[in-house]
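Student: Sharing a sequence plus its predicted fold:
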Amino acid sequence: MSPLLVLAAALCAAAALLPPEIHPAGRIAVHLLAAAAALALGFARGEAHPPRRRAALLLLPPAIATFALASGGRARGLDEAFAFAAFALAVFLGRRLAAQPDGPPRLAALLALLGLAVSFQAILQHHWAYPQAAAALRAAAEPGSDPFLVRLEAGRPAGPFSLPAALAGFLALSLPVTLGLLWDASSSRRRALCGTALAAQAYALLLTRSLGGLLAATVALALVAARGRRKHWRVALAAALVFAAGAVFFVHARRAEIGARPGGDPISLRLGNWRVALEMIRDHPILGVGPGRFASFYPRYVRPGMNETQFAHNSYLQIAATWGAWTIPPLLLLAAAGVARRDRRGPAGGAAAAAGVGFLLHNACDFTLYLPGVALPAALLIGVGSSAPEREAGAGRDPLWRIAAIGCALLFLAHAVTSDRAAWHLDRARAAAMRGETGEAEREALAAARAYPIDPDPWAFLAQSLLARQATGPQDEERRHEAAVRAVRLEPEAAILHHTLALDRAAAQDPAGAFLEEERAHRLFPEKPLYHPAEGAR
């Protein structure tokens, strides 16, 4: 097994089993593997298309300018930039795997096994874990538990991921790959294993009741089913009927969740999110609102009936809104690479290409590009599916690419020991706070702030913890005020941070300062009653 294949397998497994968006350990592992992948790609023989890869470096100047000119939010901007860099590395890694005869089939087998594993976890969540948790919560009758009860009783599993839509996005990757393995299986034992995996994944996808995941999976499966067939229209018609029936069933099954409030259906909510993203692009067409700052700017565009969200539910609109309109050509090139037809890429490569198309389509109505647990396996498949194997051969080494690879690896390592270490400490702080150990929680938050001083989250956590326990000593008041001020300076567009500073000023008997900060919070999030000078600073 080649080193590149080992790296790809480790990256895919770490991303899926320990999704970096919710597990600091998975985040560290992914960034360390990305650093190793950068070195492996930079020093591997037979680099393909050096001019095209050099052209990718042309994206650096506008990206750096966008980041440098942002008025705040540098921590989230850096995190987002490294997530996109890891995605690009995974695409290149997938393209290199396409040159190896055993690369695409083994990657497909790994995706099928991972899909089977997360499906079993999701099935157990739906039939055992969630009903037990709902019964315990109902028996406890805790105030404010109704929204959680609705979610638990709906039974939509998330597997190891953060959301049912994320699980559905991953299954939309593994299902077409598993179907391709099933059709190409050479023994009855392999066919039985692939059939079992396919059935489990299909059932888990059904349990998620994710419309975006259903659309992505239907398209990807149809592309695999249409392979080698002349009358593709029959497959397309069957896929359309399956999606229509599934969509009706999903909406009907989610009627309690959707009916909790008017306008709470997925389509209405997404239309509102898309409108906000388009308005951001209109107001900030060149460099966007700033990398990673969609969630900070979103509240000022919110209208009555719209949801609070950190994502636009359309990754392409969100990238253009936050990074600027210059990102549109690279996004179009990514889409073109994902759907490009390669007749000689083999069965596994064709299934990978189909899964990549489903992922790209899914991100037109969701945000799995922003979830590394789904995005990194998808990037590998896009790389495999967009590459013609015979074009990946050839000798020669590119010194410029080696230098860029070394620099990229060092940057990933630096990010791992700063941002990822801070995320680890902050996760421990939250766990300690849940256990009621406020002193330990504040020490961990301070360690996170020291590890990554430009991140406002540890400072905000520290200030909010001191406010919650009503610390009144001079030293505590000084620490609380310093933490609240630092958080606001690092992200001046976040209403919650101004509200925290307003509470700090109110606790310090500074009504004028409290009123001023609450007024700022109200201007940033006018639809939230809490952020009102007459209410919030009380």
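Tutor: Ah, there it is. Because the structure is a prediction, the values reported are computed rather than measured.
Student: quick one: low-confidence ranges for the protein?
Tutor: 45-57, 141-147, 228-233, 254-264, 337-345, 388-398, 534-538 (pLDDT under 70).
Student: So which residue is dead centre in it?
Tutor: residue 371 (1.4 Å; CA atoms, centre = their mean).
Student: quick one: residue 118 from residue 104, how far?
Tutor: 21 Å (CB to CB, to the nearest Å). (Glycine included, C-beta is placed from N, CA and C.)
Student: quick one, which of these two is more surrounded?
Tutor: residue 104 (30 against 25; other CB atoms under 10 Å).
Student: What residues sit buried inside the helix or strand that contains residue 199?
Tutor: For residue 199, the enclosing helix or strand under DSSP states H and E is helix 188-208. The neighbour-count check on helix 188-208 (16 or more other CB atoms under 10 Å) flags 193-194, 197-198, 200-202, 204-208 as buried.
Student: which helices and strands does it pack with?
Tutor: Identification of packing neighbours for helix 188-208 by 3 or more CB pairs under 8 Å, 6 or more residues apart in numbering; DSSP states H and E yields helix 103-124, helix 164-183, helix 211-225.
Student: Out of those helices, which gets nearest to residue 73?
Tutor: helix 164-183 (23.4 Å; CB to CB).
Student: Tell me what angle the longest helix along the chain forms with helix 103-124.
Tutor: Looking across the chain with DSSP state H, the single longest helix is helix 74-97. Angle of helix 74-97 versus helix 103-124, following axes from the mean of the first three to the mean of the last three CA atoms, to 10 degrees, is 130 degrees.
Student: now helix 74-97, how far from the centre of its chain.
Tutor: 12 Å (CA atoms, centre = their mean, to the nearest Å).
Student: again, but for stretch 109-129
Tutor: 19 Å.
Student: now do stretch 471-491
Tutor: 31 Å.
Student: which residues are contacting that stretch?
Tutor: 72-76, 293, 296, 449, 454-457, 459-460, 462-463, 466-467, 494, 497-498, 500-501, 504, 507-508, 517 (CB atoms under 8 Å, 6 or more residues apart in numbering).
Student: Put the alpha carbons of stretch 128-142 into PDB.
Tutor: The C-alpha trace of stretch 128-142 is given here as PDB (Å, rounded to 0.1, in the frame of the first residue of the first chain):
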ATOM      1  CA  TRP A 128     -32.400   3.100  21.200                       C
ATOM      2  CA  ALA A 129     -30.400   6.100  22.300                       C
ATOM      3  CA  TYR A 130     -32.800   8.900  21.300                       C
ATOM      4  CA  PRO A 131     -36.000   7.300  22.800                       C
ATOM      5  CA  GLN A 132     -34.200   6.700  26.100                       C
ATOM      6  CA  ALA A 133     -32.900  10.300  26.200                       C
ATOM      7  CA  ALA A 134     -36.400  11.600  25.400                       C
ATOM      8  CA  ALA A 135     -38.000   9.500  28.100                       C
ATOM      9  CA  ALA A 136     -35.400  10.700  30.700                       C
ATOM     10  CA  LEU A 137     -35.900  14.300  29.600                       C
ATOM     11  CA  ARG A 138     -39.600  14.100  29.700                       C
ATOM     12  CA  ALA A 139     -39.500  12.500  33.200                       C
ATOM     13  CA  ALA A 140     -37.200  15.200  34.500                       C
ATOM     14  CA  ALA A 141     -39.600  17.900  33.100                       C
ATOM     15  CA  GLU A 142     -36.900  20.400  33.000                       C
END
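Student: Can you give me the neighbour number for residue 325?
Tutor: Residues lying near residue 325 (other CB under 10 Å) number 14.
Student: before we move on, which element is residue 313 in?
Tutor: Applying DSSP H and E, one finds residue 313 in no helix or strand.
Student: ok, it touching residue 270?
Tutor: Yes: at 4.6 Å, residue 313 counts as touching residue 270 under the criterion of CB atoms under 8 Å.
Student: before we move on, the earlier item: relative to residue 23, which of the helices and strands packed on helix 188-208 is closest?
Tutor: Among the helices and strands packed on helix 188-208, helix 164-183 sits nearest to residue 23 (CB to CB), with 12.8 Å.
Student: circling back to that earlier point, which of residue 313 and residue 270 has more residues huddled nearby?
Tutor: Between residue 313 and residue 270, residue 313 has the larger neighbour count (other CB under 10 Å), namely 23 against 19.
Student: Could you identify the helix or strand that succeeds the helix or strand residue 406 falls within?
Tutor: Under the criterion of DSSP H and E, residue 406 resides in helix 399-415. Next along the chain after helix 399-415, taking DSSP H and E as the criterion, comes helix 421-434.
Student: Which residue ranges of the stretch 401-538 of the chain form helices?
Tutor: Assigned by DSSP state H, counting those that start in this stretch, the stretch 401-538 of the chain shows helices spanning 421-434, 438-451, 456-468, 474-490, 495-507, 511-524.
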